[in-house]
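Chemist: let me see the structure of the following:
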Amino acid sequence: MRTIAVLNQKGGVGKTTTVANTAAALAAMGSKVVAIDLDPQAHLTIHLGLEPQTIRTGSYKVLTQSAKVGQEILLTRLNLWLLPANINLVGAETELVSVVGRETILREGLEEVEDEFDYCFIDCPPSLGLLTLNALAAAQEVLIPLQPHFLALQGFGKLLQTIELVNRRINPDLKVEGVLLCMFDTRASLPSEVRADIEQFLENARGTNCAWAKARILPTFIRRNIKLAEAPSYGKTIFEYEQNCHGAEDYMKVAQFIHGRSQATAQPAAADQSKAAPDSPEPPQQPHPIEKCPGREQPQAAPGPIPQTNSQGPPQPNPQAASTDQNQDRPPIEIRPIALSENNNQPLQSPQTTTPNQQADQAEDQQKPQIQIRSVPQPGANIPPSKPAETTATRNPPPAQEQ
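Modeler: This is a model prediction of the structure:
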């Protein structure tokens with residue numbers, strides 16, 4: 001699961017809008033996404049159409065009452081789950097003052113659902129308190145929405161210092177993924193100047209050990225669009241409210257960029273595995289899955305004819321596979337090979353003399369076809385099956401809870 005914290009201590013820069021619409025776009029693309037609302041204002045919960053006052057589950061119980069994340073999340077859209085928030089989250093920092101390890105509570109809660117989702121987006125509050133610290137401890141990447149103004153650059157430097165501190169002391173895997181410019185006005189010159197300053201700053205960090213050494217400005221920016229401000233009042237994402245506006249186009253590009261980075265990271269790992277495997281003209285056959293009994297090891301079945309399946313009755317049993325258990329306790333039979341001569345590939349004749357009757361019997365035996373004797377497979381022999389079993393692994397998403 002790729003965990004991304006959307007963070008900026010300055011309010012009104014588009015954190016909640018970015019989380020809601022990017023998560024919805026990735027869910028529409030087929031990925032399983034969970035969004036976490038850590039803001040006591042519960043704007044993400046409202047944006048996705050839920051009433052915070054009527055919700056009794058959420059991030060507050062996960063942080064303060066050790067509730068499981070899989071039992072607190074709610075299914076809001078297809079492939080999109082939400083860990084909601086309400087006003088009770090305000091008292092979480094006070095209640096966790098004396099708790100040991102309070103900075104890593106969210107990270108420990110997300111470990112149980114790590115294999116159930118592809119992406120996890122955390123909507124952080126506009127502060128650098130304990131809630132934000134839990135998000136940074138649980139995340140692998142940080143996405144910084146930034147309004148291209150001069151005062152936003154001042155807070156940008158302070159934010160990077162906080163991320164660097166968390167990277168050194170709590171979460172060494174934390175890195176800054178990129179900067180997303182929101183409310184970008186192409187008609188003014190100031191946004192372009194701020195963008196150039198940020199690019200120069202990030203370029204100077206290349207090759208260093210800081211947390212933003214590989215950060216970059218996302219190739220797309222979010223244009224000013226009144227539809228993005230209207231959609232939360234209806235409890236809808238921008239794709240449900242107006243899918244043909246500039247806001248929907250911009251956030252779809254953001255989702256495609258994030259999804260593309262995930263695929264680019266997965267391809268080198270798959271290439272390394274293919275190089276490590278030996279080159280062979282045929283793929284190796286998988287062992288036939290046999291259920292193991294406690295206390296002893298079951299031998300693998302010898303290759304035999306494939307059972308014929310009849311649509312009007314059950315499949316025919318395999319007699320050779322059934323006889324394997326019967327022959328298991330018998331001692332192995334040792335068959336010695338027959339010595340052949342080098343010239344005519346015939347068995348070497350014994351130097352003893354034979355009678356005429358014996359010669360006639362030998363001549364009659366030579367006309368008969370030779371009988372080949374196969375050895376009984378010993379226990380533990382690694383004999384590949386004639387047809388590997390087909391297994392299908394499915395992953396059940398976490399159950400949705402009723403509101």
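Chemist: can you find the helix or strand of the protein with the lowest average pLDDT?
Modeler: Lowest on mean pLDDT, DSSP states H and E among the helices and strands of the chain sits helix 319-326, with a mean of 45.
Chemist: do you have the strands of this structure handy? List them.
Modeler: Using DSSP state E, the strands of the chain run over 2-6, 33-37, 74-77, 80-83, 119-123, 141-146, 175-181, 216-217.
Chemist: check what pLDDT M29 gets.
Modeler: M29 carries a pLDDT score of 94 in this model.
Chemist: ok so, going back, most tightly packed of the strands of the chain?
Modeler: When the strands of the chain are scored by mean count of other C-beta atoms under 10 Å, the highest mean neighbour count falls to strand 33-37 (a mean of 29). Just so you know, the C-beta spots here come from the backbone N, C-alpha and C atoms, and that holds for glycine as well.
Chemist: test my guess that F150 contacts V194.
Modeler: Yes: the pair F150 / V194 is scored as a contact, 7.2 Å apart, by C-beta atoms under 8 Å.
Chemist: still on that earlier bit, could I get the strands of the chain in a markdown table, plus columns for mean pLDDT and distance to T132?
Modeler: A markdown table is the format used below for those (pLDDT from 0 to 100; distance: least, C-beta to C-beta, whole Å):
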| stretch | mean pLDDT | distance to T132 |
| --- | --- | --- |
| strand 2-6 | 95 | 8 |
| strand 33-37 | 96 | 12 |
| strand 74-77 | 94 | 23 |
| strand 80-83 | 96 | 16 |
| strand 119-123 | 96 | 9 |
| strand 141-146 | 94 | 11 |
| strand 175-181 | 93 | 14 |
| strand 216-217 | 92 | 22 |
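Chemist: any chance of these in JSON lines, plus distance to E164?
Modeler: Formatted as JSON lines, the strands of the chain follow (distance: least, C-beta to C-beta, whole Å):
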{"stretch": "strand 2-6", "distance to E164": "14"}
{"stretch": "strand 33-37", "distance to E164": "23"}
{"stretch": "strand 74-77", "distance to E164": "34"}
{"stretch": "strand 80-83", "distance to E164": "27"}
{"stretch": "strand 119-123", "distance to E164": "19"}
{"stretch": "strand 141-146", "distance to E164": "11"}
{"stretch": "strand 175-181", "distance to E164": "9"}
{"stretch": "strand 216-217", "distance to E164": "17"}
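Chemist: ok, which of those strands comes nearest A67?
Modeler: Smallest distance to A67 across the strands of the chain (C-beta to C-beta): 10.1 Å, for strand 80-83.
Chemist: the closest residue in space to C245 that isn't next to it in sequence: how many residues sit nearby?
Modeler: Once flanking residues are discounted, C245 sits nearest to K227: 4.4 Å by C-beta to C-beta, 6 or more residues apart in numbering. For K227, the neighbour count with other C-beta atoms under 10 Å is 15.
Chemist: and what of L218?
Modeler: Neighbours of L218 (other C-beta under 10 Å): 18.
Chemist: relative to K253, how far out is it?
Modeler: 8 Å (C-beta to C-beta, to the nearest Å).
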